[in-house]
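Colleague: Provided below for reference: sequence and predicted model.
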2 protein chains.
Amino acid sequence: MNVDRLKEKITSKGMKFTHQRLVIYRSLCNSQDHPTAEMVYNQITEENPSISMGTVYKTLESFVNAGILQKFRDDQGLMRFDPVMETHSHLYCNDSSDIRDYKNPDLEELLHTFFKENQIDGFEVEEVSLVIKGKTK
Amino acid sequence: MNVDRLKEKITSKGMKFTHQRLVIYRSLCNSQDHPTAEMVYNQITEENPSISMGTVYKTLESFVNAGILQKFRDDQGLMRFDPVMETHSHLYCNDSSDIRDYKNPDLEELLHTFFKENQIDGFEVEEVSLVIKGKTK
DNA sequence: ATCCTAAACAGGAATTATTCCTATCTAAAA
DNA sequence: TTTTAGATAGGAATAATTCCTGTTTAGGAT
């Protein structure tokens, strides 16, 4: 994604376009590993040593609120950030801390149908995602 | 569950039977709310003021390793403990921090079949659970 | 019943992810 | 160019969890 598209993405949500936001969002878009705030910080400070940890946290949170990023907790309790906004599940590797994306429209349809037909007493389902644990082959 | 059955549960895993372990495990068995270590601590210290926080953490972890409890992270990153060992999913209330159990054999069968028929490239599924978010009605 | 020892415990310090605070700075609207 | 609301840097504060150390104890051996 080029700078203009990144800028458009940020400003379209009513956020000021700053160098820090550009760098942080670009880092997310280029990563496949659902980085933590610290991983983002380590990556961007190689080229931008003056960006502070607090800014990384605050910026990531702003992006989540603006609907530009998703966040979720991993098993160690660390917050992970994800630029993929469509509904999808995650594959957790039992042998490492790898987390891969898993997206399957058939599965989504299956679950949607299931919960439509199987109402839960006293609970209204709004969102379902899967935690899939296993081994990388 | 009476004291003898609780004791049996603990010693059958090769663990020494101590007063602290009895009290902590009993607290878990009597709760429905997937308590955190701190919630367990607060509950048991009413009657057992000398049990330390460190012991609660260490004991809960020992129980998990022994296969007596399950643990999982909630959205706030807190570790939750659960005496229900069978596979089941959780209902997360969006309006509060309530977490209810959800168990449905049909759903488990459905998912089992799905992942048998839909192998994931480079990944071997071992365990699937659902994160179900929504509203308590 | 008493002794012995590995394991468990209490109490508190240390660690670590994350949030909070405040003075300074800057994007972008006027 | 000026103005100012919002953004940032840097560091202090917070809070869940782990670690450390000296003391105690469960339960097998004597």
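Modeller: Perfect, thanks for sending it. Residues are numbered from 1 along each chain as shown, chains lettered A, B, ... in the order given.
Colleague: CA atoms for contacts and neighbours, from now on please.
Modeller: Will do.
Colleague: Let's verify residue A:96: helix, strand, or coil?
Modeller: Of the three states, residue A:96 takes coil under DSSP: H, G, I helix; E, B strand; the rest coil.
Colleague: tell me the contacts of residue A:17?
Modeller: A:7, A:10, A:11 (CA atoms under 8 Å, 6 or more residues apart in numbering or on different chains).
Colleague: Equivalent analysis for residue A:104, please.
Modeller: residue A:88.
Colleague: Do you know the pLDDT at it?
Modeller: Looking at residue A:104, its pLDDT is 96.
Colleague: quick one, phi psi at it?
Modeller: phi -150, psi 110 (degrees, to the nearest 10).
Colleague: Distance of it relative to residue A:38?
Modeller: 30 Å (CA to CA, to the nearest Å).
Colleague: if we can go back for a sec, can you say which of the contacts of residue A:17 are buried?
Modeller: A:7, A:10 (16 or more other CA atoms under 10 Å in any protein chain shown).
Colleague: Nearest to residue A:120 among the contacts of residue A:17?
Modeller: For the contacts of residue A:17, the minimum distance to residue A:120 (CA to CA) is 38.8 Å, reached by residue A:10.
Colleague: tell me which element the closest one is part of?
Modeller: helix A:3-11 (DSSP states H and E).
Colleague: contacting residues for the residue of chain A found nearest DNA strand D?
Modeller: Nearest residue of chain A to DNA strand D (CA to the nearest atom of the strand) works out as residue A:51 at 3.2 Å. Applying CA under 8 Å, 6+ apart, we find residue A:51 in contact with A:20, A:45.
Colleague: give me every residue that touches the residue positioned nearest the centre of chain A.
Modeller: For chain A, the residue sitting closest to the mean C-alpha position, by CA atoms, centre = their mean, is residue A:82 at 1.6 Å. For residue A:82, the contact set (CA under 8 Å, 6+ apart) comprises A:28, A:34, A:35, A:69, A:70, A:71.
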